[in-house]
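**Student:** Okay, here's the prediction I keep looking at, along with the sequence it came from:
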Amino acid sequence: MSALRISTDKAELDLPLIHRFLSTQAYWSQGIPEETVARAVAGSLCFGGYVEGVGQVAFARVVSDFATFAYLADVFVLPEHRGRGYSKALVAEVMAHPQLQGLRRFMLATSDAHGLYTQYGFATPAKPQTLMEVSKPDIYTEANTA
């Protein structure tokens, strides 16, 4: 197994790869436009995971004010590189990042990776009745058919 090198340098990110994965393989962002991915990356603290001789194989981004709140989004490891501990290394790096310490709330949404995130302190909301959202899960596919 090759070691995963994790970097927050946006210049290293493979935006076409990130867009391709998010728009075609991620259940949460099917059809997301490339321009939307570029804007999301520009406004976020991003973590790229790289394997020497291969390139980028993992990604995560955090939306935060870096004082009280953060939201972890778009976490993925390419399917052919899963099962090697890369997701754990990536999330551990996110959680250890100096700008993300001392936050009052760190949130995420997942349908299938609860086991991963509970290892890093994430849990179901203590008071779910206090949380609200505006949810548009089909926004990218609706935009493409309108």
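**Tutor:** Received it, and whenever you're ready, just let me know what you need. Numbering: from 1, shown residues only.
**Student:** What about the closest residue to Ile18 other than its chain neighbours, how many residues nearby?
**Tutor:** Nearest non-adjacent residue to Ile18, counting by Cβ to Cβ, 6 or more residues apart in numbering: Phe59, 5.4 Å away. C-beta coordinates here come from the backbone N, C-alpha and C atoms, glycine included. For Phe59, the neighbour count with other Cβ atoms under 10 Å is 22.
**Student:** now do Thr124
**Tutor:** Using other Cβ under 10 Å, Thr124 has 7 other residues around it.
**Student:** now it: how far from Leu131?
**Tutor:** 10 Å (Cβ to Cβ, to the nearest Å).
**Student:** State the phi and psi torsions of Val57.
**Tutor:** phi -130, psi -10 (degrees, to the nearest 10).
**Student:** mind listing what it touches?
**Tutor:** When contacts are counted by Cβ atoms under 8 Å, 6 or more residues apart in numbering, Val57 is found next to Leu4, Gly49, Tyr50, Val51, Val77, Leu78, His81, Tyr86.
**Student:** what about Ser111, distance to Ala38?
**Tutor:** Separation of Ser111 from Ala38 (Cβ to Cβ): 25 Å.
**Student:** In terms of packing, which of those two has more residues around it?
**Tutor:** Higher neighbour count among Ser111 and Ala38: Ala38, with 13 against 7, using other Cβ under 10 Å.
**Student:** how near is Ala40 to Ile18?
**Tutor:** Relative to Ile18, Ala40 is positioned 9 Å away (Cβ to Cβ).
**Student:** Quick check: neighbours shared by these two?
**Tutor:** Asp74.
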